[in-house]
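# Structure here, sequence nowhere to be found:
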């Protein structure tokens, strides 16, 4: 820890520095990359840790890239990405022309909107090129103030850095978006304990009197920046304890006030210089524009460069630097000592001074420069239609370039400057839609409530309806407005010569289709069929999948997807994924097409598709991802997504026969779904209760649940999820002596062509046929089910078929029973589906097999522990905290705590301290 001894600012930060060093060493050794997110309040030392890891990386030969967020730059789309990657782009010779065009378009150096996919993919390709020369460290300071478009790209990169020698270290305040949503190794940088705080204070101010030291320690409350800054405000006599100390500083923004007090001592000229530097956006700073603004336009541009700024400007810069507020670097950029200093400069200025500074910055920029428009808007005091119109056009241009969230900010500014109340409402409506698309759902909901309080012009009524429904569906879990507003909106949009608002008809169609799928509202279905010819082939196919799937729909889906460009896929992602969901159709791994740069709205749909696919394909070790995604969705305000992720998690619980867990999920989501009339969710919960009953052999109870959803022998083309019940219902019917009902249901499935819906439906119908077959045709039916193309993909369903087959063979004393049962048993153990595994063991014992206990593995269950519970128990036994366990297993601390709550009674213990002993007794192994 030599660095700690050399740098007093790192006192008490051993844990953080060791973790950062380990990430660098891993990348330097070629073992892969990592992302570390430093979370903490202002002044707690995040920037100091970034500086330390930067020094350490440079010593190890890393290429270091940096981006710093600023409050004044949050609406500059891709501004932070420009800071971080521009130097790499300038010297790159490996990017394709398409990738270079995408980045240059995002950075404003080339006209034309880049594809959302292309920017993320090009950034990744650029870093992949860079790491071939040296490992890369990407530092992101003040991530909470980095523009939304850049944050999305950085999030995309951090999810893909594991295989590259790339370390991403971000610093954010706890309430920042990345702090809530990035699935990275998060390190909470907290206030220093008193002993460490005293050590830091003593190192920086060894002559401080005891009374003064105690007062500073109390006021600073462990904040390192306050510990360094507070004594600076004291006179020498106060530091020595001779003169009385000032009154207690107020809490909250006290550090900003400290900077503000120092600012008050500056001359007006120096204060104006600082204000211009604080308000200038990144390009304005690096290009020297802010220095031209300092000169007020009277100094030639050539004289406004560093080293030739004039005596007055140079003197002011020297004074600012000597006071420790900011410094001018070699590139002519004003670098503030700490982000709080920059914030304090802006906060301390009067409204008039800020407007004057923005006017000066605007005047120093060319008329067509996008930055000029931002400064003009900030300087405006009175309504100005010309400025509002230019802001509106700039906002729409940003949205076309992938900056929906930033475009929404400009539309809101345009609304505030609109002389006409109607124009104001029109622009706020656009802002609400853009904010929703940009992942700012809570803000969309707030804007919608504001708009509801007034009158919306008729010409934007469809757009307003879309914004209302977006907020209701995704945030409020309310589908009433969907059927009330969207059919009329579709009528308006489909009228000859109507304004389509840039393709809004397809998005309105999908929102109505989503509502109809969830609620089965007949008015919604009728409106969808009425307007099916107004949408794309993807839209028509999605409607068909949810109303009359029939044979060939899955093949048609793949054909439509294959024929799309990346740009078309980006717009149709929701439709394609929802079509696949209707058919239980993971063929082609559609979700993988949309893992590039998209807002949360699309990424949430991708994650839902992936969660359900994990269940279908037997990747049950990923079940906990559903809960983590649910927490992320709720944090972002996407409460319907949160509900759906919990429903997907319930599938894993039902398959494993975990009825207590299933009941807990049902209590959490059932009332919400019932209030929203989400028949889709309520029917699924009924189905899953039946599946759990099947797992425990309660076939009569299971049959009752399945008959609630679809009486035997009655199947229609609609409600495709009911067709997936065929194996479950037939199994329950056969086991309860209702073979005629089972055969009637199979006949109904054949009549509507259920087997043609998708590969999984083909297997389910074949498996159900085998289960219901008479003895003389059963063996052929089982073999036909095994021969269905892709049968091996459906791990859980195939294991159930093998259990049924092995049981049939054993009861008839036929050869091969034990081999089939062993194969089923192996899969059930791997899936941690304990009740099903126990039934296999019973059959194996009846067949004369001793059922040799398998070697303990991921699915092993001492005292009934699931595989995930066992992993968590072993880690907890080593002394790791819930947060540390969560980092290793990619779970939230709350999820870890919930598992431990179940683990303790299963092991017969009441504390973590007893875990090692309990596991040692169970496993006879070293838990360390």
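Arrived safely, thanks for sending. What you see is a predicted model; the values in this text were computed from it and never measured.

# List the buried residues for the one helix or strand residue 315 maps to?
Using DSSP states H and E, residue 315 sits within helix 311-322. By neighbour count on 16 or more other CB atoms under 10 Å, the buried set for helix 311-322 is 313, 316-317, 319-320. To be clear about C-beta, it is placed using only N, CA and C from the backbone, and glycine gets the same treatment.

# next one: stretch 384-395
Buried residues in stretch 384-395, counting neighbours by 16+ other CB under 10 Å, are found at 384, 387-388, 390-392, 394-395.

# with these in mind, which one is nearest to residue 499?
Nearest to residue 499, judged by CB to CB, of the buried residues of stretch 384-395 is residue 392 at 15.0 Å.

# Go ahead and confirm residue 789 touches residue 759.
Yes. Counting by CB atoms under 8 Å, residue 789 touches residue 759, with 6.7 Å between them.

# In terms of neighbours, single out the busier of those two.
For residue 789 versus residue 759, neighbours defined as other CB atoms under 10 Å are more numerous around residue 759 (20 against 9).

# Spit out the contact partners of residue 216.
For residue 216, the contacting residues are 201, 208, 227, 230-231, by CB atoms under 8 Å, 6 or more residues apart in numbering.

# swap the cut-off to 6 Å and go again
Residues in contact with residue 216 (CB atoms under 6 Å, 6 or more residues apart in numbering) are 230-231.

# now do residue 471
For residue 471, the contact set (CB under 6 Å, 6+ apart) comprises 444-445, 448.

# what do you get if the cut-off is 8 Å, keeping everything else the same?
Contacts for residue 471 (CB under 8 Å, 6+ apart) come out as 432, 436, 441, 444-445, 448.

# Return the distance of it relative to residue 161.
Separation of residue 471 from residue 161 (CB to CB, to the nearest Å) stands at 34 Å.

# for residue 46, same thing?
20 Å.

# between these two, which one's more packed in?
Remark: of residue 46 and residue 161, residue 46 carries more neighbours, 27 against 22, as counted by other CB under 10 Å.

# these two touch, right, that one and residue 189?
Yes. With contact defined as CB under 8 Å, residue 46 counts as touching residue 189 (5.5 Å).

# shared neighbours of the two, which are they?
38, 40.

# Okay, and which of the buried residues of stretch 384-395 map to helices?
When DSSP state H is applied, those are split such that 387-388, 390-392, 394-395 fall in helices.

# Can you add pLDDT and distance to residue 771 and give those residues back as TSV?
Formatted as TSV, those follow (pLDDT from 0 to 100; distance: CB to CB, whole Å):
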residue	pLDDT	distance to residue 771
387	93	72
388	94	68
390	91	69
391	92	65
392	92	63
394	87	63
395	87	59
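
# ok, the residues you listed vs residue 93, which is closest?
Nearest to residue 93 among these is residue 394, at 33.2 Å by CB to CB.

# For that closest one, give me its contacts.
Residue 394 sits next to 370, 373, 407, 410 when contact means CB under 8 Å, 6+ apart.

# May I see those arranged in TSV, with pLDDT and secondary structure as well?
Below are the contacts of residue 394 laid out as TSV (pLDDT from 0 to 100; DSSP: H, G, I helix; E, B strand; the rest coil):
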residue	pLDDT	secondary structure
370	70	helix
373	85	helix
407	85	helix
410	90	helix
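
# closest to residue 713 among the residues you listed?
After measuring those against residue 713 - CB to CB - the closest member comes out as residue 407, at 54.5 Å.

# neighbours around the closest one, how many?
Using other CB under 10 Å, residue 407 is surrounded by 31 other residues.

# same thing with the one 3 residues further on?
Residues contacting residue 410 under the criterion other CB under 10 Å number 31.

# distance of it from residue 378?
11 Å.

# low pLDDT regions in the stretch 551-700 of the chain?
Residues of the stretch 551-700 of the chain meeting the criterion pLDDT under 70: 565-571, 586-601.

# one more time with 90, if that's ok
Scanning the stretch 551-700 of the chain for pLDDT under 90 picks out the ranges 551-610, 613, 624-625, 628-637.

# Just the helices from it, written as ranges.
Here the stretch 551-700 of the chain has its helices, by DSSP state H, counting those that start in this stretch, at 553-562, 566-583, 600-616, 624-636, 639-655, 659-675, 679-695, 699-709.

# could you dump these to CSV with mean neighbour count and distance to residue 420?
Below are the helices of the stretch 551-700 of the chain laid out as CSV (neighbours: other CB atoms under 10 Å; distance: least, CB to CB, whole Å):
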stretch, mean neighbour count, distance to residue 420
helix 553-562, 18, 43
helix 566-583, 21, 32
helix 600-616, 22, 31
helix 624-636, 21, 34
helix 639-655, 25, 35
helix 659-675, 17, 40
helix 679-695, 22, 43
helix 699-709, 19, 54
